[in-house]
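Peer 1: Below: sequence and its predicted model.
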Amino acid sequence: MYVYVSLDTSQKLKKLRSSDLTEEMEASLGESIYTLVGDAEHLYAGGDPSHVIKKCQKSDLSLLTQSSDYGGKIYALAVDGDYVYAGGATIYKIKKYLKTDMSFVGESPSYGGTIYAIGQDDNHLYIGGVSQNVWKLLKSDLSKVAESISYGGQIYGVAVDNNHIYVGGITTKRIKKYLKSDLSYVAESIDLSKTLWSIDDDSEYIYVGAITPYVVHKLLKSDLSKVAESPAMDCWEICVRDYVYATGYGLVYKLLKTDLSIINQSGDYDEYIEAIWADNPLESSPGKLPRYVLEVHEPNGGALICMLENAHNVKWSQRINELDTLTFSLPSGDPKAAELIGGREIWLYRRS
């Protein structure tokens with residue numbers, strides 16, 4: 001498992017071992033990269049000045065192909081089973097590209113300002129930025145289906161779970177919670193007294209990278225109460241997996257999710273680190289035996305119906321005094337989706 005970061009001045013992409021954050025390799029992409037996302041085998045990087053999305057092989061960081069010009073600086077990317085979605089400056093739109101060859105598919109209406117954040121679920125995108133509200137877009141044609149009230153400042157981060165979205169930014173300096181279905185306002189956190197730059201989540205908590213001072217906050221999703229804060233670090237970009245990975249200037253940190261204590265850090269790169277993304281330990285590589293396998297069985301430990309080879313965004317979590325939670329997505333049109341009918345069981349196990 002690896003962590004990937006993009007350096008601003010040297011314009012390099014670094015691949016670090018997630019275990020101890022030592023460097024495995026590097027590559028030069030020839031420009032500033034402001035956003036990174038990935039899947040089981042590839043990274044997708046967007047920035048400036050080329051304004052394209054670069055598709056790289058994760059194994060050796062080689063450049064495979066790139067999209068056409070987005071039309072401005074790219075600040076936000078999202079990826080699902082079939083497509084990459086990009087948002088940014090100048091044109092203020094979401095553009096959709098086919099993952100296989102990065103060919104252009106379609107675009108949304110103008111959001112009216114620079115787009116800094118994209119969240120997603122199986123069928124929708126949730127975008128935020130300078131216009132201070134969240135738009136809900138249909139993935140299929142990028143049409144707008146809902147809009148939130150104003151957050152109260154520019155939006156820099158959006159996280160999405162089964163029922164809600166969580167938004168952070170400047171001015172209000174609070175995490176605000178909205179209902180996914182119609183983007184109606186639900187609740188907000190206390191004033192966290194700083195700019196909220198990036199947001200990520202797991203099944204129970206929201207993690208927030210903040211500026212001045214530079215710390216990571218941990219909030220309970222249910223009531224947005226604050227439960228932990230990291231030591232001060234020069235960090236505001238985060239990525240949450242089994243651990244929280246944080247960066248911003250010079251160093252990359254690995255934090256325990258429980259109390260946000262620092263357990264490891266990288267060498268000092270002595271420059272701004274613009275983006276971070278980490279391998280998902282539950283994600284498998286197409287065409288290879290997956291690390292984790294999802295099976296559909298008849299109820300009560302019954303017969304195997306099928307394996308979900310194309311499952312992605314797999315998340316498994318455990319909470320005290322509650323049943324374990326397993327969530328995942330399937331690509332649009334996956335024939336195995338028809339097997340997910342009432343009463344059947346989903347089994348998750350690790351392949352040795």
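Peer 2: Sure thing, it's come through.
Peer 1: CA atoms for contacts and neighbours, from now on please.
Peer 2: Noted.
Peer 1: Mean pLDDT per helix and strand in this protein: which one sits at the bottom?
Peer 2: strand 312-317 (a mean of 68; mean pLDDT, DSSP states H and E).
Peer 1: can you map out the strands along the stretch 251-352 of the chain?
Peer 2: With strands called from DSSP state E, counting those that start in this stretch, the stretch 251-352 of the chain shows them at 252-255, 262-265, 273-278, 292-297, 304-307, 312-317, 325-329, 345-350.
Peer 1: Spit out the contact partners of residue 298.
Peer 2: If you count contacts by Cα atoms under 8 Å, 6 or more residues apart in numbering, residue 298 has them with 304, 305, 343, 344, 345.
Peer 1: Could you do residue 9 as well?
Peer 2: The contact partners of residue 9, taken as Cα under 8 Å, 6+ apart, are 32, 271, 272.
Peer 1: what does residue 54 give?
Peer 2: 43, 44, 45, 46, 63, 64, 65, 66, 67.
Peer 1: Tell me which of those fall in strands.
Peer 2: Counting by DSSP state E, the part of those found in strands is 43, 44, 45, 46, 63, 64, 65, 66.
Peer 1: in the sheet, who's paired with the fifth one?
Peer 2: It refers to residue 63. Note on residue 63: beta-bridge partners by DSSP bridges are residue 56.
Peer 1: burial count for it?
Peer 2: Neighbour count of residue 63, defined by other Cα atoms under 10 Å: 17.
Peer 1: Thought residue 44 was touching it, still the case?
Peer 2: No. Taking contacts as Cα atoms under 8 Å, residue 63 lies outside contact range of residue 44: 9.8 Å.
Peer 1: Give the residues shared as contacts by those two.
Peer 2: The contact lists of residue 63 and residue 44 share 54, 55, 56, where a contact means Cα under 8 Å, 6+ apart.
Peer 1: Relative to residue 100, which of the residues you listed is nearest.
Peer 2: residue 55 (9.3 Å; Cα to Cα).
Peer 1: tell me the contacts of that closest one?
Peer 2: Residue 55 sits next to 42, 43, 44, 45, 63, 64, 65, 66, 102 when contact means Cα under 8 Å, 6+ apart.
Peer 1: Would you mind giving the residues you listed as a markdown table with pLDDT added?
Peer 2: As requested, those are arranged in a markdown table below (pLDDT from 0 to 100):
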| residue | pLDDT |
| --- | --- |
| 42 | 96 |
| 43 | 98 |
| 44 | 98 |
| 45 | 98 |
| 63 | 97 |
| 64 | 97 |
| 65 | 97 |
| 66 | 97 |
| 102 | 98 |
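Peer 1: Tell me how many other residues crowd residue 227.
Peer 2: By other Cα under 10 Å, 12 other residues sit near residue 227.
Peer 1: Enumerate every residue touching it.
Peer 2: With contacts defined as Cα under 8 Å, 6+ apart, residue 227 is in contact with 217, 218, 219, 220.
Peer 1: same deal with residue 295?
Peer 2: 304, 305, 306, 307, 308, 346, 347, 348.
Peer 1: mind redoing it with 7 Å?
Peer 2: Residue 295 makes contacts with 306, 307, 308, 346, 347, 348, as judged by Cα atoms under 7 Å, 6 or more residues apart in numbering.
Peer 1: do the same with residue 211
Peer 2: By Cα under 7 Å, 6+ apart, the contact set of residue 211 is 194, 195, 196, 197, 236.
Peer 1: and the gap between the second one and residue 171?
Peer 2: The one in question is residue 195. 7 Å (Cα to Cα, to the nearest Å).
Peer 1: For the nearest residue to residue 81 once chain neighbours are set aside, the count of nearby residues, please.
Peer 2: Using Cα to Cα, 6 or more residues apart in numbering and skipping the chain neighbours, the partner closest in space to residue 81 is residue 331 (4.9 Å). By other Cα under 10 Å, 16 other residues sit near residue 331.
Peer 1: my guess is residue 331 contacts residue 83, does it?
Peer 2: No. Applying Cα atoms under 7 Å, one finds residue 331 not in contact with residue 83, separated by 9.6 Å.
Peer 1: for this protein, which spans come out with low pLDDT?
Peer 2: Along the chain, the parts satisfying pLDDT under 70 run over 282-292, 309, 313, 316-324, 349-352.
Peer 1: domains in it, as residue ranges please.
Peer 2: The record, using automatic domain parsing to delimit domains, assigns the chain the ranges 2-278, 292-350.
Peer 1: what does stretch 163-183 contact?
Peer 2: For stretch 163-183, the external contacting residues (Cα under 7 Å, 6+ apart) are 146-148, 152-160, 184-197.
Peer 1: go with 6 Å
Peer 2: Residues outside stretch 163-183 that contact it (Cα atoms under 6 Å, 6 or more residues apart in numbering) are 148, 152-159, 184-189, 191-196.
Peer 1: Would you mind checking the contacts of residue 295 for buried ones?
Peer 2: The neighbour-count test (16 or more other Cα atoms under 10 Å) marks 307, 308, 346 as buried among the contacts of residue 295.
Peer 1: Let me have those residues in JSON lines, adding distance to residue 259 as columns.
Peer 2: Listed next are these as JSON lines, based on distance: Cα to Cα, whole Å:
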{"residue": "307", "distance to residue 259": "36"}
{"residue": "308", "distance to residue 259": "34"}
{"residue": "346", "distance to residue 259": "31"}
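Peer 1: So which of residue 195 and residue 171 has more stuff around it?
Peer 2: It is residue 195, of residue 195 and residue 171, that has more neighbours when counted by other Cα under 10 Å, with 24 against 16.
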